[in-house]
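In: make a model of this:
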Amino acid sequence: MSTVAAIRKHINAAKFGPPCADDQIAEVEGRLGCRLPGELRELYYAFDGFRGPGNAQYLFPLLKCA
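Out: Next up, the predicted model:
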């Protein structure tokens, strides 16, 4: 099971942001001066941040963090 599938399965009542585009990820990687790890890229390609139970922020939106 992929990380994305596991998160969608196990984080009940989560609110997922829309997927990130290539240019958004490239912008953040340019600012950081390095490539994001593969699993983190996979998550951002699936959803731009998500909230779990109690509206807790589990993964912050990409461009709001960089």
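
In: could you pick out the longest helix of this structure?
Out: helix 22-32 (DSSP state H).

In: and stretch 25-39, which residues are buried?
Out: Applying a neighbour-count criterion of 16 or more other C-beta atoms under 10 Å, the buried positions in stretch 25-39 are Ile25, Val28. In short, each C-beta sits where N, CA and C put it, glycine included.

In: got a list of contacts for that stretch?
Out: Stretch 25-39 has contacts (C-beta atoms under 8 Å, 6 or more residues apart in numbering) with Thr3, Arg41, Tyr44, Tyr45, Leu62, Leu63, Ala66.

In: give the closest residue to the residue nearest the centre of the chain in space, chain neighbours not counted.
Out: Centroid-nearest residue in the chain, with C-alpha atoms, centre = their mean: Tyr44, separated by 3.4 Å. For Tyr44, ignoring the flanking residues on the chain, the nearest one in space by C-beta to C-beta, 6 or more residues apart in numbering is Cys20 at 4.3 Å.

In: kindly report the same for Tyr45.
Out: Of all residues not flanking Tyr45 in the chain, Pro19 sits nearest, at 5.7 Å (C-beta to C-beta, 6+ apart).

In: so the one you found touches Phe50, yeah?
Out: No: here Pro19 lies out of contact with Phe50, judged by C-beta atoms under 8 Å, at a distance of 11.4 Å.

In: what about the two, which has more around it?
Out: Neighbours per residue (other C-beta atoms under 10 Å) separate Pro19 from Phe50, with Phe50 holding more: 20 against 12.
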